[in-house]
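J.: A structural model of the following input is requested.
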Amino acid sequence: MSDSEDAYGDNGDEGVEFTYPNDMHRLRACVTCNLIKTEKQFIQAGCDNCKMYVTRNYGFVDYTTPNFEGLIAITDPKTSWISRHLNLSSCVRGTYALKVRSKAVEGMDRGYGRREDE
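T.: Reported below is the predicted structural model:
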């Protein structure tokens, strides 16, 4: 373990928080990047990956869905093999759906994640 790493292998990405659902009820996934949060979290803060784009143009119902399969927590998107496999390397640390079964609103796709329609 290097001097810059803590006991969990974190190299000090301070200011970068881990986005996770704070409740297991009423979960939704962003149809663009697959990030999972509760309805309330999406209403309050939007999507952490697509935030500027979606809060300006769409309501949370337009860019999220309750129809997803599986979930995975990604703690280091830049080096994780699963984040590379799911095309999430440039996304925030968080909980993601493995498969989202809804399409993004036309003109909203930013290339994050893999959806059923691909």
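J.: Surely Q41 forms part of a helix?
T.: Yes: assigned with DSSP: H, G, I helix; E, B strand; the rest coil, Q41 falls within a helix.
J.: got a pLDDT number for the residue lying closest to T65 once chain neighbours are set aside?
T.: Spatial nearest neighbour of T65, chain neighbours left out: S102 (3.8 Å); criterion: Cβ to Cβ, 6 or more residues apart in numbering. Yep, even glycine has a C-beta here, placed from its N, CA and C like the rest. If you check S102, the pLDDT there is 80.
J.: does I74 really touch S83, like I thought?
T.: Yes: counting by Cβ atoms under 8 Å, I74 touches S83, with 5.0 Å between them.
J.: where do the contact lists of those two overlap?
T.: Here I74 and S83 have C91 as joint contacts, going by Cβ atoms under 8 Å, 6 or more residues apart in numbering.
J.: picking up where we left off before, what about the residue nearest to T65, how many neighbours?
T.: 17 (other Cβ atoms under 10 Å).
J.: For P77, see how far away it is.
T.: 23 Å (Cβ to Cβ, to the nearest Å).
J.: How about G46?
T.: According to Cβ to Cβ, G46 and P77 sit 19 Å apart.
J.: what's the answer for D62, then?
T.: Distance from D62 to P77, by Cβ to Cβ: 25 Å.
J.: Comparing these two, which residue is more hemmed in?
T.: Using other Cβ under 10 Å as the criterion, D62 and P77 rank with P77 on top: 21 against 13.
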